[in-house]
Every structure is written in C-alpha cells, then in structure tokens.
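Asker: Structure for the following, please:
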Amino acid sequence: MYGPITRETLAELLKEQNPPCLSIYMPTHRSFPERTQDPIRFKNLVRELRASLEKQFPDAPSDTLLKPFEELVDDRDFWNHTRDGVAVLGGQDYFKVYPLQRKVPELAIVNSHPYLKPLLRIAQSADRYQILCLSRNQVRLFEGNRDVLDEVELAPEVPRTQDEALGSELTPKDQIGNTNGYGGASERGDPMIHGSGGSGKQEQIDIDCERFFRAVDRAISEHHSKPSGLPLILAALPENQTVFRHVSHNQQLLPQGISIGQGALDTEMLRQESWKLMEPTYIERLNSILDQYGESRGQGLASDQLEEIGKATAESRVAMLLVEADRQIPGLLDRESGELHPSKPAGAETADVLDELITYVMEHGGDVVVVPRDRMPCKTGAAAVYRF
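Answerer: A predicted model of the protein is given here:
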C-alpha cells in the first residue's frame, strides 16, 4: 500500500482514468504531540470526500471506495511514523499511500483522474537525491532534498554485508587483512593499519571486497537508482570510494562523493554535505529550463496564456509545461477542443485547470515541470513550450 515516488509511480497513476478517483493531500508531523492531530484532520478530509463523492457520483459504491481511507484513520502505526506530508489516492481498483518529505497543501478532491500536481512536483524536483553509505560491513541508503534526509528501506535483493553477498565463497575470516591492505579499524575512522598475513591472503580479501561492491552496485542500480531516476552520492572512506567507483556501472552515480566512515555517520551532517554537492546542479537545471522557455517565446513557440495552452495541448503541440507550485485555478479542460471552462471554488468537487493540463500533457508525451512561484516566468500559473 505504501510506496516511494518514482517515474513509474506517475506513469501508473496516469493510467487510472476510471472515475471516480479520490485524492487526499495533507501536511503531517514527525514528532509528538503535533502528530496526534494528523489522523483527526485526515478523518475530516475523508468526510469531505464522502460528501463530494455522493454529490458527483450518486451511484458509485461510496462505502467500498472510502473503506480503505477510513481504515487508515485508525492505523496508529502509520500515524506514528509519518514524515512531512502524505498523499492518499484511491479508486475502484487501487489504493495508494505515499509518505512525503515535503509539506503539501491540505486537499480533498474527487475527479475523473487522480490529482497529481503535488505528487508531480516531488517526483520531478531537481533537488532530490539518494546517498549510498558504504563499507565492507554495512550498506545503508538515504533519500532526501535540501531540507530533509530519511533512510530508505533497502530492497531484499540488496546485500547488507560481505557475508550475505558472498556466503560460502567469502575468504575465511581468520585470514588477516583488509581492502587495499588496510586493517578493519579504518572502517571506524581509526588510524589505518597495514594488514598482515601474506600478499596472497590480502589479494583474496581485496577480491572479496570488489565482488561485494559489484553485488551492491548491481542491486542498488536495479532496485533503487533506475526506478527513482535520482542522482546517487557515494558516502564512504576514500579507499572504498576508489574500489566502488572502479567496479560501478550505475549511471546515476555522481563523480563527487562524501569521504566519511560509517562510525562517523551523522544524518544532519550528511544532509548538509550532500546539499553542497547538489545545489549547483539544482540551480543549473532550473535556469536551463527557464532559458529554454525564454528562447522559445522569442521564436513564437511559447505562451503563458491558459486558453492558448489548452488548445495547443489538445493538438499535442506542448513539448514542456511549466506550472506554478501550490496554485490552483478552478475549472475544467475540454479534452476535445482544449477550451477552458473556469468555475468558482466549491470544495472537493472542484477540478483544477492546472492539474487537468498536467495530466493531458503527460498523456501526450510532454514534459511537465512544477516551478516555485518566485521563479515562474509569468503570473498566469502556467507557461508552455511548443513543439511547432
């Protein structure tokens, strides 16, 4: 039921076009006593969903559709381990819960498709990344952004230790030595001691280390990096950095890493150091997107007028859509003509023009970028770059 936010997440949700679709977003709290109010607020949003569902779809099986939402209200374990927000999406054939590392607006929406804009902003944000913390005896993975860092539960296929990865093929532990000829004390951040026991034994132990790192690299790439599409920062001692990078084929692995041993691992320090690496990339990507819009507008291949964007969307001409974060414009999009029909806010039954555009553009192969309000190139809420 609970899942990470990946590119596949959005692709699967885009396929859910069997109304009614129910969407709840709300900020949550990590600490006590603030988090005790979260299930109460969620219960109130579920009530809003029910009222809107019965109004818009009076023949729908409302009790069945709302049952998993109502069961979540009483899930104490879930509410005791929340992060900064939550997205809960459900329909006739699905129910998904996504704990989020960002605050999101409090929303309860019934529509013909899942409401995706807050989720999209998280999925495509350029400041998200993962950190692989690696030693011979421990593997940990973190995911975060500029503000927060959380440990990720490793896929079962990821080996946690050399013993687990190599099993009976591991060199016996009574053979003294360590990677690159250094003693195990260095993994704790202690002074490195050159191993003894003969070059043959040491060579075999170095080979074991390479084989372990290869297994970790394959599993992390297949089960975490590829599904998420996130940049990967390696946090490890310099000698382990060298070995891992030599054997790695992970396309998401960044050339810069953080030189740190597991014994010195501090999550807040790790977040600060990782954001120093990520911030230039984030700024560069956003500036590149805005420059592309400016150049296209100068060529007559861009617009910030919602009516024009709607018609271009219906004609499959939108290559990239920029949408203002945290903004809603009540109304509907006619998918045949692209005409926009504004409406007055009326609660959970009110559709959002921007979310309608997002869904339609993505279905037609266009890219969507959710941009902070202070970086949007216009005041209309959306801007588009056209294919022709």
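Asker: For Ser23, which three-state class applies?
Answerer: Following DSSP: H, G, I helix; E, B strand; the rest coil, Ser23 is assigned to strand.
Asker: Setting aside sequence neighbours, what's the nearest residue to it?
Answerer: Closest residue to Ser23 apart from its sequence neighbours, by CB to CB, 6 or more residues apart in numbering: Tyr115 at 3.8 Å. For every residue, glycine as well, the C-beta is placed using N, CA and C.
Asker: list the contacts for the residue nearest to Ser228 when sequence neighbours are not counted?
Answerer: Excluding the flanking residues, the one nearest Ser228 by CB to CB, 6+ apart is Thr6, at 5.1 Å. The contact partners of Thr6, by CB atoms under 8 Å, 6 or more residues apart in numbering, come to 123, 227-229.
Asker: for the residue found closest to Met376 once you drop the neighbours it is linked to in the chain, phi and psi?
Answerer: Excluding the flanking residues, the one nearest Met376 by CB to CB, 6+ apart is Glu324, at 4.9 Å. Main-chain dihedrals, Glu324, degrees, to the nearest 10: phi -70, psi 130.
Asker: Would you enumerate the residues in contact with Glu324?
Answerer: Taking CB under 8 Å, 6+ apart as the criterion, Glu324 is in contact with 354, 370-371, 373, 376, 381-382.
Asker: Which member of these is positioned nearest Arg50?
Answerer: Nearest to Arg50 among the contacts of Glu324, counting by CB to CB, is Leu354 at 25.3 Å.
Asker: Can you get me a residue count around that closest one?
Answerer: 25 (other CB atoms under 10 Å).
Asker: next structured bit after the worst-scoring helix or strand of the chain on mean pLDDT?
Answerer: Least confident helix or strand of the chain, by mean pLDDT, DSSP states H and E, is helix 117-124 with a mean of 78. Moving toward the C-terminus from helix 117-124, the next helix or strand (DSSP states H and E) is strand 129-134.
Asker: What strands flank that following strand, and is each parallel or antiparallel?
Answerer: Strand pairing for strand 129-134, determined by DSSP bridges: strand 139-144 (antiparallel), strand 232-236 (parallel).
Asker: closest to Ser337 out of these?
Answerer: Closest approach to Ser337 among the strands paired with strand 129-134 is made by strand 139-144 (41.6 Å; CB to CB).
Asker: what pLDDT, on average, does the closest one get?
Answerer: The average pLDDT within strand 139-144 is 94.
Asker: Keeping just the C-alphas, turn it into CSV.
Answerer: These are the backbone C-alpha positions of strand 139-144, laid out as CSV (Å, rounded to 0.1, in the frame of the first residue of the first chain):
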residue,chain,number,x,y,z
VAL,A,139,25.2,-0.8,3.4
ARG,A,140,22.7,2.0,4.0
LEU,A,141,20.7,4.2,1.6
PHE,A,142,19.2,7.6,2.3
GLU,A,143,16.9,9.8,0.2
GLY,A,144,16.3,13.5,0.7
